[in-house]
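[1] Structure of the sequence below:
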Amino acid sequence: MKTLQPLIEALHEEPLVREYRALEARLLSDETLSSQYKQLLEAQKRLVRAEHKKEDASNEKKAYETLKRQLSEHPLIDQYLTLQEQLNDEIRMLFQMIEDALCVPFENR
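    Presented below is the predicted three-dimensional model:
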């Protein structure tokens, strides 16, 4: 696992990660925004639980989407959520690249 340390350090230096962490610090330092964001996360958890249990999640989805839309009206939260989506996309791409690299030796047999 020591070989992961350079990757982790490189990720911490990525401009997108640095911007995200700075926004996160600002968001968490504002009590109102932090509370509203935590409410969004709780609504998201309720939605995921309902979907996982194969229940009708329409009420949870509506509540989550409404709260997300309201929070997105605040520029800081909108920017934070946008960066979060971008980072998630990049992480998925990174995982796919690692997976592809690990599978190559097995495919050449």
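[2] which secondary structure element contains the residue at minimal distance from the centre of the chain?
    Nearest residue to the geometric centre of the chain (Cα atoms, centre = their mean): residue 84, 4.6 Å. Assigned by DSSP states H and E, residue 84 belongs to helix 75-107.
[3] buried residues in that helix?
    77, 79-81, 83, 87 (16 or more other Cβ atoms under 10 Å). From N, CA and C alone the C-beta is placed, and that goes for glycine too.
[4] Quick one: list the elements packing against that helix.
    If you count contacts as 3 or more Cβ pairs under 8 Å, 6 or more residues apart in numbering; DSSP states H and E, helix 75-107 packs onto helix 15-29, helix 31-52, helix 58-72.
[5] re the thing from before, might one say that the residue nearest to the centre of the chain is in contact with residue 20?
    Yes - at 6.8 Å, residue 84 counts as touching residue 20 under the criterion of Cβ atoms under 8 Å.
[6] Okay, now the unreliable bits of the protein?
    1, 104-109 (pLDDT under 70).
[7] ok, so of the buried residues of helix 75-107, who is nearest residue 58?
    Closest approach between the buried residues of helix 75-107 and residue 58, by Cβ to Cβ: residue 81, at 22.3 Å.
[8] ok, the nearest residue to the closest one once chain neighbours are set aside to residue 51 distance?
    Counting by Cβ to Cβ, 6 or more residues apart in numbering, residue 81 lies nearest to residue 72, which is 6.4 Å off, once chain neighbours are set aside. With the distance defined as Cβ to Cβ, to the nearest Å, residue 72 ends up 22 Å from residue 51.
[9] ditto for residue 22
    From residue 22 to residue 51 the distance is 32 Å (Cβ to Cβ).
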